[in-house]
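Asks: give me coordinates for this.
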Amino acid sequence: MGDFCLILLKNPVFSIADLRKKFSIEKKYKAFRDFERRVIKEPIAQLNKYTDFKIDYELIKKGHTYTNIKFLLTRTMSVPVPYKQEQRDPAYLKGAEDKTEKMNQSYLKAMNSKYTKLLIKNFLISSADLCDLKLMSRLQNKVYPLYDRLSKDRGFESVVNHLSYVATHKEDYTIKNTVKYLEKSITSYLPYVNLYD
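Replies: Now for the predicted structure:
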């Protein structure tokens with residue numbers, strides 16, 4: 001299966017404008033040398049170092065401007081040794097297991113949280129978000145403690161009012177980072193609430 005996919009994607013060509021749009025960096029890296037270094041060279045170096053692919057690229061010019069990038073993909077015979085060793089290292093495996101366990105515990109707490117119900121009620125998260133282990137555990141660890149603080153200082157009804165306000169003033173973004181959005185809204189609101197003590 002992997003070789004079949006490699007044949008299909010052997011030498012894909014992408015327009016630079018499309019890459020900028022796909023990565024949401026239309027206004028970033030105006031100088032082409034910065035774009036090439038940060039968006040092309042550095043990621044390719046990482047992929048070459050840690051995967052069993054050898055990736056190279058060719059820039060395609062139209063006049064004096066680079067318009068397209070042709071990626072050249074080949075498969076090497078083995079994954080680099082440091083990657084394989086890392087996967088067998090007992091300390092690495094234990095750390096990964098502990099991280100997964102903590103994330104699972106946070107997820108379960110978030111699923112049972114009254115704040116999760118409020119977020120759903122206000123359409124700030126969707127039912128699909130409930131299946132996202134990482135998102136829900138990040139809400140539990142980063143956002144819910146701030147809601148606890150507001151609830152302790154001003155009562156649970158203040159959390160209800162805050163989330164209602166956030167929901168009515170929410171703007172849709174093409175790239176959605178729910179945790180960051182909710183964290184920013186509550187951290188901006190807490191100092192305002194404390195002014196009226």
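
Asks: so where do the strands sit in this protein?
Replies: In chain order, the chain shows strands spanning 13-15, 53-62, 65-75, with DSSP state E as the criterion.

Asks: got those strands as JSON lines, with mean pLDDT and distance to residue 47 columns?
Replies: Heads up, the C-betas are built off the backbone N, CA and C, glycines and all. Conversion of the strands of the chain to JSON lines gives the following (pLDDT from 0 to 100; distance: least, CB to CB, whole Å):
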{"stretch": "strand 13-15", "mean pLDDT": "87", "distance to residue 47": "15"}
{"stretch": "strand 53-62", "mean pLDDT": "88", "distance to residue 47": "5"}
{"stretch": "strand 65-75", "mean pLDDT": "87", "distance to residue 47": "10"}
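
Asks: okay if I get the ones you listed as JSON lines plus mean neighbour count and distance to residue 34?
Replies: Conversion of these to JSON lines gives the following (neighbours: other CB atoms under 10 Å; distance: least, CB to CB, whole Å):
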{"stretch": "strand 13-15", "mean neighbour count": "12", "distance to residue 34": "18"}
{"stretch": "strand 53-62", "mean neighbour count": "13", "distance to residue 34": "14"}
{"stretch": "strand 65-75", "mean neighbour count": "14", "distance to residue 34": "13"}
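
Asks: relative to residue 158, which of the ones you listed is closest?
Replies: Minimum separation from residue 158 across these (CB to CB) falls at strand 13-15, 49.1 Å.

Asks: quick check: mean pLDDT across stretch 91-98?
Replies: For stretch 91-98, the per-residue pLDDT values average out at 83.

Asks: before we move on, what about stretch 115-130?
Replies: Averaging the model's pLDDT scores along stretch 115-130 yields 91.

Asks: coming back round to it: could the strands of the chain go into TSV alongside distance to residue 137?
Replies: Supplementary listing: the strands of the chain in TSV, determined by distance: least, CB to CB, whole Å:
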stretch	distance to residue 137
strand 13-15	34
strand 53-62	31
strand 65-75	35
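
Asks: now do the contacts for the nearest residue to residue 138 once chain neighbours are set aside.
Replies: With CB to CB, 6 or more residues apart in numbering as the criterion, residue 138 has its nearest non-adjacent residue at 4.6 Å, and that residue is residue 179. Contacts here follow CB atoms under 8 Å, 6 or more residues apart in numbering; on that basis residue 179 touches 135, 138-139, 142-143.

Asks: before we move on, what about residue 19?
Replies: Residues touching residue 19, when contacts are defined by CB under 8 Å, 6+ apart, comprise 39, 69.

Asks: distance of it relative to residue 51?
Replies: Residue 19 sits 20 Å away from residue 51, going by CB to CB, to the nearest Å.

Asks: since that was my last question, I'll sign off now.
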